[in-house]
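Visitor: give me a model of this one.
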Amino acid sequence: MKTFQKIFIALVVLALASCQTQESRPAAQVQIPDNPAMEFVQGMGIGVNIGNTLDAIGTETWMAGETGWGNPKITREFIQALKNYGYTTIRLPVTWAENIGTAPDYQINAVWMNRVEEVVNWILAEDLYCILNLHHDGGTSDRSWILNAGDDPEGTTKQFAAVWKQIAARFANASDKLILEAMNEVGFNKIWDQWNPSTISGKPEAYRILNQLNQTFVDTVRSGGSGNAERFLLVSGYWTDIDQTCDPLFKMPQDAGGLEHRLILSVHYYTPAVFCILDKDESWGKNRNDWGTRADYTELENQFAKIKKHFIDKGIPVILGEYGVSSGKTKVEAAREKWITAVTQACLDNGICPALWDTGNDIKRQPPYELSGALKNSLTAIKK
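Guide: Here you go, the predicted model:
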């Protein structure tokens, strides 16, 4: 009888263990290499984007400016609210395209540069980390221009260097908590499209161009001297996609200054896209309103294991520059909460700084800057 009881109890324990959700599982002990950049990134804590604001972009006949996509101008009070919520890093996406002059100087409009500097200084004055980038300059708007590198690599690289030379010079003496990021989500589908097998021959060239832009970014910023000589720089993965960035054709740039461990990799995470991006069915996918199965967590674990193997284990730290999930009415709020919590925790467990993509849906842009229920609960649930 005692033997039967022991067997029965053991079976019950196993069954209960197999039914545990991912949230109740203890975090795996992850070995993280020790170097200055890895330590720096771990010190960045958790971050958030101020999206759809300084990154807004218009058309050839309309300038979006800071408020063109419906958000108010950034205030120092809003930055302080983010700090009070526990964010220690703010990614400030900036699109420069509307404010860049013609060749050969590509002079940045002084009013725009001053406004960007004002916001950056507010962030740094709050003793927060700030990530500053070129955002929809690499997008698909008719005002975007970095994708022109697919047709004119040399000319676009010259413009890329000219723009970064000006930004680097303006922020040369800024706090070392300012991180400059090469670009946003850039790839060259006209040369190689992963969904079009007939373009496979162009794949090496597509990666070569992106690698060249990243190298130009590092060389240009370093040549600016002052604080830029040792500033931590954020290099953009191919489309900032984990799978495509882990491809052997993607190469981290060399640091022309001879400094070691001052370069960081940027990737983004919106997986599965049918849950994170869609609010309704589209030609490429069926809207998914829920998330949180064992298969979902396994997919998440596998993606982070891949980035750890290819970069973190080799001493290259990573920032998850964007991650987020649609807040549309078709989504189950509890599923949004689980997804945000799981991705944030996976980042922290692997020494990655996560920066949530928000455009005013999860953190309201007007006082009292309310949090969505999903984000509020997630911030409570994560283990830092």
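Visitor: all helices of the chain, in order?
Guide: 2-18, 36-43, 76-84, 110-125, 153-170, 203-223, 242-245, 273-276, 294-310, 333-349, 373-381 (DSSP state H).
Visitor: please compute how far the fifth one lies from its chain's middle.
Guide: Taking C-alpha atoms, centre = their mean, to the nearest Å, one finds helix 153-170 lying 21 Å from the centre of the chain it belongs to.
Visitor: dump the residue contacts of F275.
Guide: R288, N289, D290, W291, V325, S326, K331, A335, W339 (C-beta atoms under 8 Å, 6 or more residues apart in numbering). C-beta coordinates here come from the backbone N, C-alpha and C atoms, glycine included.
Visitor: quick one: contacts of stretch 194-206?
Guide: G150, G187, F188, N189, I191, W192, D193, Y238, Q244, L249.
Visitor: and the residues you listed, which are buried?
Guide: Those of the contacts of stretch 194-206 that meet the buried threshold are G150, G187, F188, N189, I191, W192, D193, Y238, Q244, L249, by 16 or more other C-beta atoms under 10 Å.
Visitor: got the contact list for the fifth one?
Guide: For I191, the contacting residues are G150, T199, G202, K203, E205, A206, I209, taking C-beta under 8 Å, 6+ apart as the criterion.
Visitor: now the second one: how far from M183?
Guide: The reference is to T199. The gap separating T199 from M183 is 22 Å, by C-beta to C-beta, to the nearest Å.
Visitor: when these two are compared, which one has more neighbours?
Guide: Taking other C-beta atoms under 10 Å, T199 and M183 do not tie; M183 has more neighbours (24 against 16).
Visitor: look up how far F217 lies from the residue nearest the centre of the chain.
Guide: The chain has G321 as the residue nearest its centroid, 1.3 Å off, counting by C-alpha atoms, centre = their mean. In this view, G321 and F217 are 15 Å apart by C-beta to C-beta.
Visitor: low-confidence ranges, the chain, go.
Guide: 1-29, 256-260 (pLDDT under 70).
Visitor: count of residues packed around G360?
Guide: 18.
Visitor: tell me the contacts of it?
Guide: Counted by C-beta under 8 Å, 6+ apart, G360 has contacts G51, N52, G70, N71.
Visitor: and for E77?
Guide: So E77 contacts P367 (C-beta under 8 Å, 6+ apart).
Visitor: mind redoing it with 10 Å?
Guide: Taking C-beta atoms under 10 Å, 6 or more residues apart in numbering, we find E77 in contact with W122, P367, Y369.
Visitor: likewise F232?
Guide: Counted by C-beta under 10 Å, 6+ apart, F232 has contacts 36-37, 40-41, 44, 129, 131, 176-180, 259, 261-264, 317, 319.
Visitor: would you mind measuring from the residue lying closest to G285 once chain neighbours are set aside to E322?
Guide: With sequence-adjacent residues excluded and distances taken as C-beta to C-beta, 6 or more residues apart in numbering, G285 is closest to V274, at 4.3 Å. According to C-beta to C-beta, V274 and E322 sit 18 Å apart.
Visitor: neighbour count winner among those two?
Guide: More neighbours surround E322 than the other of V274 and E322, with 22 against 16 (other C-beta under 10 Å).
Visitor: only the buried residues of stretch 377-384, if you could.
Guide: So, applying 16+ other C-beta under 10 Å, buried residues of stretch 377-384: N377, S378, L379, I382.
Visitor: so the last one sits against K338, correct?
Guide: No: contact criterion C-beta atoms under 10 Å: I382 and K338 do not qualify, at 11.8 Å.
Visitor: which parts of stretch 340-348 are buried?
Guide: I340, T341, A342, V343, T344, Q345, A346, C347, L348.
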